[in-house]
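S.K.: Using only what follows, build the 3D model:
(2 chains)
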Amino acid sequence: MTRIFLIAVLFFSGCVLLHLLLTRLTHGKDFIQKSYLFLFLMCTLAAVVIAPQGWLCAVVFFLFTIILWNLYMTFFINLMNSVSLRMMVEINNSVTRSLSNEELIGQYSDEVALENRLQEMTDGGLLRVTGNQLALTGKGHLLAMGLILIRRTFGIEFFG
Amino acid sequence: MKLFTDMHATEFNFLFLALACYVSFIALAIINRAGKGRTPLGHFNRLHFRTTVVYILASIGYLVYSERNYTLVTGGDWLIGLFVYFGIHYAVAANFFALAQASVSTSIVSILHTHGGRATRNECMADYAGGEGFGYIKKNRLSRIQNLLGWVEIQDDGRYRLTRVGRWMAQLTPVMLNLWGLRQLGKQP
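M.R.: Alright, predicted model coming up:
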């Protein structure tokens, strides 16, 4: 198993290097979708070599690869979308390297935070914005139902 | 080309053990209603960490029962099993849980859904976090990075200041994003 793991780590490292080049070339547009499409293509190529080794080896190899890739994606999605990191960067970029609550709100207001999210969600096809009115699309409703299922399964009552 | 010669299914025993332990953890999280309370994600992750003991005990039981020789490979396989136990959690399950509980975007989707699919900006902001409002995000995230991670501290005059690790994280964020040609949400390229 150690050999499969090491080969998966090597394969993942190669994918990260190629992905870095591709992301720079495409300026990070549709980052998440393109990243998973890229992984799918790389795994398809790898399957040519891995599949003849036996189905169990192949399943384990792709399990390791998917875990590593998801950890890598989680890291970057957090860097891009985390409100905590955004506030920390604002504090770090301030002249005195410290901010009061009011200054923090001034630097990154709730309205700006909401607009950023709405823009991202509109681009993702989850909702439509018409003036002050927000409306869920079919994809948005589907996501909402998936979320309700997860919340009911684990008993999540509070979210936000 | 034969990459994995002489492999036997028993070589994957620690992996199967880790997967079985993870399924047990999920069952425990569902039975235990891990999402209850004000910090569901923290509760979910703590429960996962604590149930690592199941994997450790099951591994010891397996080693004793199978009378296997303890070699460096056995240790490596055990560590890989542990990696899978944590990897599946933080790469897959915890992300879905966080999406359902702590994500700003999916919370907005849920608010809109409860309003029948349509709402105004103000309704969304007011209904956020069970009616606490959109300002809850900053308050909650700052207290989390202050208390849980220790990346932010509050000075005597009430101003937020980053700790050494917090400064390092705040500097690393734009460096990593620039290297990949990415940017933070809402920031101009």
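S.K.: Now do the buried residues in the strand or helix carrying B:Y22.
M.R.: B:Y22 is part of helix B:13-31, with elements assigned from DSSP states H and E. Residues B:13-15, B:17-19, B:21-22, B:25-26, B:29 are the ones in helix B:13-31 that count as buried (16 or more other CB atoms under 10 Å in any protein chain shown). No exception for glycine: its C-beta is placed from N, CA and C like everyone else's.
S.K.: what do you get for stretch A:124-143?
M.R.: By neighbour count, and taking 16+ other CB under 10 Å as the criterion, the buried residues in stretch A:124-143 are A:124, A:126-127, A:134, A:136-137, A:140-141, A:143.
S.K.: out of the buried residues of helix B:13-31, who's near chain A?
M.R.: When CB under 8 Å from any CB of the partner chain is applied, the members of the buried residues of helix B:13-31 adjacent to chain A are B:14-15, B:29.
S.K.: Same list, the residues you listed, but as CSV with pLDDT please.
M.R.: Below are these laid out as CSV (pLDDT from 0 to 100):
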residue, pLDDT
B:F14, 90
B:L15, 92
B:A29, 93
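S.K.: nearest to B:T120, of the buried residues of stretch A:124-143?
M.R.: When those are compared for distance to B:T120, the smallest value, 7.0 Å, is given by A:L134; criterion: CB to CB.
S.K.: Including pLDDT and secondary structure, could the buried residues of stretch A:124-143 go into CSV?
M.R.: Conversion of those to CSV gives the following (pLDDT from 0 to 100; DSSP: H, G, I helix; E, B strand; the rest coil):
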residue, pLDDT, secondary structure
A:G124, 83, coil
A:L126, 87, coil
A:L127, 88, strand
A:L134, 87, strand
A:L136, 89, strand
A:T137, 90, coil
A:G140, 88, helix
A:H141, 88, helix
A:L143, 89, helix
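S.K.: any idea how far the helix holding B:Y22 is from the chain center?
M.R.: If you compare the mean C-alpha spot of helix B:13-31 with that of the full chain, they lie 16 Å apart, counting by CA atoms, centre = their mean, to the nearest Å.
S.K.: Only C-alpha atoms, please: export that helix in PDB.
M.R.: Once non-C-alpha atoms are left out, helix B:13-31 reads as follows in PDB (Å, rounded to 0.1, in the frame of the first residue of the first chain):
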ATOM      1  CA  ASN B  13      -6.200  -4.100   5.900                       C
ATOM      2  CA  PHE B  14      -5.400  -0.800   7.600                       C
ATOM      3  CA  LEU B  15      -7.100   1.100   4.800                       C
ATOM      4  CA  PHE B  16     -10.300  -1.100   5.200                       C
ATOM      5  CA  LEU B  17     -10.000  -0.600   9.000                       C
ATOM      6  CA  ALA B  18      -9.800   3.200   8.500                       C
ATOM      7  CA  LEU B  19     -12.800   3.200   6.100                       C
ATOM      8  CA  ALA B  20     -14.900   1.100   8.500                       C
ATOM      9  CA  CYS B  21     -14.000   3.400  11.400                       C
ATOM     10  CA  TYR B  22     -15.000   6.400   9.400                       C
ATOM     11  CA  VAL B  23     -18.300   4.900   8.600                       C
ATOM     12  CA  SER B  24     -18.800   4.200  12.300                       C
ATOM     13  CA  PHE B  25     -17.900   7.800  13.000                       C
ATOM     14  CA  ILE B  26     -20.600   9.000  10.600                       C
ATOM     15  CA  ALA B  27     -23.100   6.700  12.100                       C
ATOM     16  CA  LEU B  28     -22.200   8.000  15.600                       C
ATOM     17  CA  ALA B  29     -22.400  11.600  14.300                       C
ATOM     18  CA  ILE B  30     -26.000  11.000  13.000                       C
ATOM     19  CA  ILE B  31     -27.200   9.100  16.100                       C
END
